[in-house]
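> got a sequence here, can you model it:
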Amino acid sequence: MTTASMPKLTTLATSAFAACYKLSQFTIPATVSIIQPSTFLNCSALISLRIEGSTLKTLSAANAFAGTPLSVSTLTGNFGSIYVPASLYASYVAATNWKTYSARMVSY
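Residues are numbered from 1 along each chain as shown. Presented below is the predicted three-dimensional model:
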């Protein structure tokens, strides 16, 4: 699996996509309200995350993207981007746990 979108989910479970080494793109649908810890842990190809919806998603722990190119601490030379709605950009950058990834955030 290299790309994924789950249009009916409300929660992304703990370690749901952990170690999906080929996953490079993921869209978090508007229906999701919570992203649990380690959801994308060690998804070493994840370079594009798009967040949809008009409300801020709860990121339960800052380690949701650890070991991915989205993580600021990952120095693989392959940096990813988290695309957030322009109307929520300031909220994501300031939100608990999300601010860990603020350097990777891009508004759309």
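> contacts for the helix or strand harbouring Arg50, please.
Counting by DSSP states H and E, the element that carries Arg50 is strand 48-51. Outside of strand 48-51, the residues within contact range by Cβ atoms under 8 Å, 6 or more residues apart in numbering are 24-28, 40, 57, 65, 70, 80-85, 92, 108. C-betas here are computed from N, CA, C, even on glycine.
> pull the helix or strand with minimum mean pLDDT from the chain.
None of the helices or strands of the chain scores lower by mean pLDDT, DSSP states H and E than strand 3-5, at a mean of 71.
> which residues pair with Ser48 across the strands?
Gln25, Ser81 (DSSP bridges).
> now do it against Leu23, distance only.
The gap separating Ser48 from Leu23 is 10 Å, by Cβ to Cβ, to the nearest Å.
> where along this structure do the helices fall?
Secondary structure of the chain (DSSP state H): helices at 89-94.
> quick check: mean pLDDT across stretch 43-62?
The pLDDT scores in stretch 43-62 average 95.
> first-to-last residue distance for that stretch?
15 Å (Cα to Cα, to the nearest Å).
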